[in-house]
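1. Sequence first, predicted coordinates after that:
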Amino acid sequence: MDGVDLRADDSSVERRDHDVIVVGAGFAGAVAARELRALGLRVLVLEARHRVGGRTWTDAFAGRSVELGGQFLSPGHELAMAALRRYGIGTTTGPTPTRAVVTTPDGPESHALAEFATRQGGLLERLFEGSRDYFPRPADPLFRADLVRRVDHLSLRDRLDRLGLTPAEEALVSGITAGQSGGSSARGALTGLAQWWALAGSTPEDWYAGQSLRPVEGMSALIGAILDESRATVCLNSPVHSIAQAGGRVRVTAGLGREHAAKAVVVALPVNVWKHVRFHPGLPEAHATATRQGVGVPHARKLWLHVRGLDDDVVVSGAEGDPFAALSSQGRVDDGQLLFGLNTLPALDIRDRASVELALKEVLPEASLVAYRAHDWGADPYSRGAWALRGPGQLLAQLPAIQQPHGRLAFATADIASGWVGFVEGAFESGARAAAQAARIAG
Ligand SMILES: Cc1cc2nc3c(=O)[nH]c(=O)nc-3n(C[C@H](O)[C@H](O)[C@H](O)COP(=O)(O)OP(=O)(O)OC[C@H]3O[C@@H](n4cnc5c(N)ncnc54)[C@H](O)[C@@H]3O)c2cc1C
């Protein structure tokens, strides 16, 4: 990162008056900063953590570069793909698993991948039946608001119950519905996951392909390139406590109490975090309700496991209530291989190695744990949840009100995107929209 003016904190920021302050240096904030710069505005970015990237986090583990947060892009993520081309960043794919492990009441069962994909894919088609009608234009989820109104109140659990699945069928699909909801299928909305399905292309093949591409050198390379182009001043270790509007300015208080002012502010924070910042005047109803309810899913922990004794490339599909909603081979290391895992069962203590190893052996008895790394996004004070998946009723209650500015504030986060809500792609969409709004406000 050599184009951006990166500072250890906000204490050395001389100028107190900026065109626009962007609060948060995840993808939405970075894109907003870049677009504002392109419009000729002076931008200050205030970031709470010691790093940029937010819910994406490229780090090292077992001698490899790993993603502790958002990892995959899909060919259908048009804005992210365009950015990769713009910066000359290539993509890579992980190994293709040959074996799928599913959990059953009698223990883990192995299947050939093709057979598993056919069975699970068929169940996904049943789960999302009707979504082509209520989401004929998936990036514009309210295009048929009349039809969405009939289903938006349904949770994924409601939908599963209506399908009349056998226990074996439910085990095959509930790991997805519960895992993507942050632990319980009762939390996520049918329309939340159905919109992903529709955006991906409405077929099982498209659904699986949507989780395939990674930027070479990781998400950090991509966000670094965006911030370089923004040429913004980015202050790390500068958590914002309050954002107050008065007299045609916005005053932002960060870190140890330093105050910065601007004509407009882009609030590029996760929705779940808004309630921990003091806004004056207070947030509008749609924003206040969303942050009180939360849209970033709870209990989502991502793990990287270095294992031995596992000779083939596998994917594990857990059932609702299992310690691992998913596990997936991610390549060889000298004396074994790396898996990434998704845990949404609050009862699993991810700080306890013995518990993690036990959970691993429940599904892959032949594997022994060498080391692991985990991050709990629900417990992280600067995300307070993982990816966004709207709950029942939230689509109709939130859009489009939550995308509107509040006085001199514009809001940017993947959590409130129209299209790929909950994905890096949604952060691109939202960051660009908020930049245009903030530029108008700043005049
Ligand atoms: C485990 C996991 C797996 C995921 N997998 C994928 C995937 O495979 N593909 C995909 O596309 N997406 C995935 N996602 C989702 C994706 O990472 C997010 O949707 C996206 O990164 C959100 O970007 P954002 O800019 O909206 O928010 P964030 O990335 O959360 O950025 C917000 C920024 O605000 C900062 N901040 C918070 N509080 C303050 C404060 N008080 N003051 C100043 N700064 C503050 C944060 O530190 C952060 O940098 C995943 C997410 C997680 C957690």
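-> Perfect, I can see it now.

2. List the contacts of whichever strand or helix holds residue 222.
-> Using DSSP states H and E, residue 222 maps to helix 218-230. Contact with helix 218-230 is made by 1-4, 6, 25-27, 30-31, 33-34, 36-37, 43, 45, 52-53, 56-58, 65, 67, 69-71, 80, 83-84, 86-87, 89, 215, 234, 424, as judged by CB atoms under 8 Å, 6 or more residues apart in numbering. Glycine gets a C-beta too; all of them are placed from N, C-alpha and C.

3. Past it, which element shows up next along the chain?
-> strand 233-235.

4. which strands and helices sit next to the helix or strand following that next one?
-> The C-terminal neighbour of strand 233-235 among helices and strands, as given by DSSP H and E, is strand 240-246. Judged by 3 or more CB pairs under 8 Å, 6 or more residues apart in numbering; DSSP states H and E, the packing partners of strand 240-246 are strand 249-254, strand 278-280.

5. how about residue 268, what does it touch?
-> Contacts of residue 268 by CB under 8 Å, 6+ apart are 22-26, 28-29, 32, 411-413, 431, 434.

6. most surrounded residue in those?
-> residue 32 (37 neighbours; other CB atoms under 10 Å).

7. Next, the angle helix 218-230 makes with the helix or strand where that residue lies.
-> According to DSSP H and E, residue 32 maps onto helix 27-38. If you take axes from the mean of the first three to the mean of the last three CA atoms, to 10 degrees, helix 27-38 sits at 20 degrees to helix 218-230.

8. Now helix 27-38: buried residues?
-> Buried residues in helix 27-38, defined by neighbour count with 16 or more other CB atoms under 10 Å: 27, 28, 29, 30, 31, 32, 33, 34, 35, 36, 37.

9. So which of these is the closest to the ligand?
-> Nearest to the ligand among those, counting by CB to the nearest ligand atom, is residue 28 at 3.4 Å.

10. about what we covered before: within reach of the ligand, which of the contacts of residue 268 are there?
-> Restricting the contacts of residue 268 to those touching the ligand (CB under 6 Å from any ligand atom) yields 23, 24, 25, 26, 28, 29, 413.

11. Isn't the second one up against residue 54?
-> Yep, that's residue 24 we're talking about. Yes. Contact criterion CB atoms under 8 Å: residue 24 and residue 54 qualify, at 6.7 Å.

12. overlap in contacts of the two?
-> Common neighbours of residue 24 and residue 54, counting by CB under 8 Å, 6+ apart, are residue 270.

13. For the ones next to the ligand among the contacts of residue 268, give me TSV that also has pLDDT.
-> As requested, those are arranged in TSV below (pLDDT from 0 to 100):
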residue	pLDDT
23	99
24	98
25	98
26	99
28	99
29	99
413	98
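
14. which residues are there in the chain that come within reach of the ligand?
-> The chain comes close to the ligand at residues 23-29, 46-49, 54-56, 69-72, 239-240, 268-270, 273, 277, 300, 302, 377, 382-383, 386-387, 413-415, 422-425, 427, as judged by CB under 6 Å from any ligand atom.

15. now, which of those residues lie within helices?
-> Among the residues of the chain next to the ligand, the ones falling in helices (DSSP state H) are 27, 28, 29, 273, 424, 425, 427.

16. OK, contacts around the fifth one?
-> The contact partners of residue 424, taken as CB under 8 Å, 6+ apart, are 27, 56, 70, 73, 77, 80, 219, 414.

17. Not counting its neighbours along the chain, what's nearest the second one?
-> Spatial nearest neighbour of residue 56, excluding adjacent residues (CB to CB, 6 or more residues apart in numbering): residue 219 at 3.8 Å.

18. How many neighbouring residues does the one you found have?
-> Number of residues near residue 219 (other CB under 10 Å) recorded here: 25.

19. Filter the contacts of residue 424 down to the ones in strands?
-> Applying DSSP state E to these, no entry is found in strands.

20. which one of the residues you listed is nearest residue 257?
-> Taking CB to CB as the measure, residue 257 lies nearest residue 27 of the contacts of residue 424, at 28.3 Å.

21. Model confidence for that closest one, exactly?
-> Listed pLDDT for residue 27 reads 99.

22. correct me, but it touches residue 429?
-> No. Counting by CB under 8 Å, residue 27 sits too far from residue 429 to count as a contact (10.2 Å).

23. where do the contact lists of the two overlap?
-> Taking CB under 8 Å, 6+ apart as the criterion, residue 27 and residue 429 both touch residue 414.

24. helix/strand/coil for the nearest residue to residue 350 once chain neighbours are set aside?
-> Once flanking residues are discounted, residue 350 sits nearest to residue 374: 4.3 Å by CB to CB, 6+ apart. Classification of residue 374 by DSSP: H, G, I helix; E, B strand; the rest coil places it in strand.

25. For residue 374, give its distance to residue 70.
-> 16 Å (CB to CB, to the nearest Å).

26. swap in residue 13?
-> Taking CB to CB, one finds residue 13 at 29 Å from residue 70.

27. and what of residue 259?
-> 32 Å.

28. Looking at those two, which one has more neighbours?
-> Of the pair residue 259 and residue 70, residue 70 is the one with more neighbours under other CB under 10 Å, namely 24 against 12.

29. what's near enough to touch the closest residue to that one other than its chain neighbours?
-> Ranked by CB to CB, 6+ apart and with sequence neighbours excluded, the top spatial neighbour of residue 70 is residue 56, at 4.3 Å. Residue 56 makes contact with 26, 27, 67, 69, 70, 71, 219, 220, 223, 424 under the criterion CB under 8 Å, 6+ apart.

30. moving C-terminal of the host helix or strand of residue 195, what's the next helix or strand?
-> According to DSSP H and E, residue 195 maps onto helix 190-200. Next along the chain after helix 190-200, taking DSSP H and E as the criterion, comes helix 204-209.

31. Any buried residues in that next one, and which?
-> Within helix 204-209, the residues that count as buried by 16+ other CB under 10 Å are 204, 206, 207, 208, 209.

32. re the thing from before, what lies in contact with the helix holding residue 195?
-> Identification of contacts with helix 190-200 by CB under 8 Å, 6+ apart yields 74, 76, 124, 127-128, 131-132, 134-135, 138-139, 141, 148, 151-152, 154-156, 158-159, 176-177, 180-181, 206-207, 209-210, 389-392, 394-395, 419-422.
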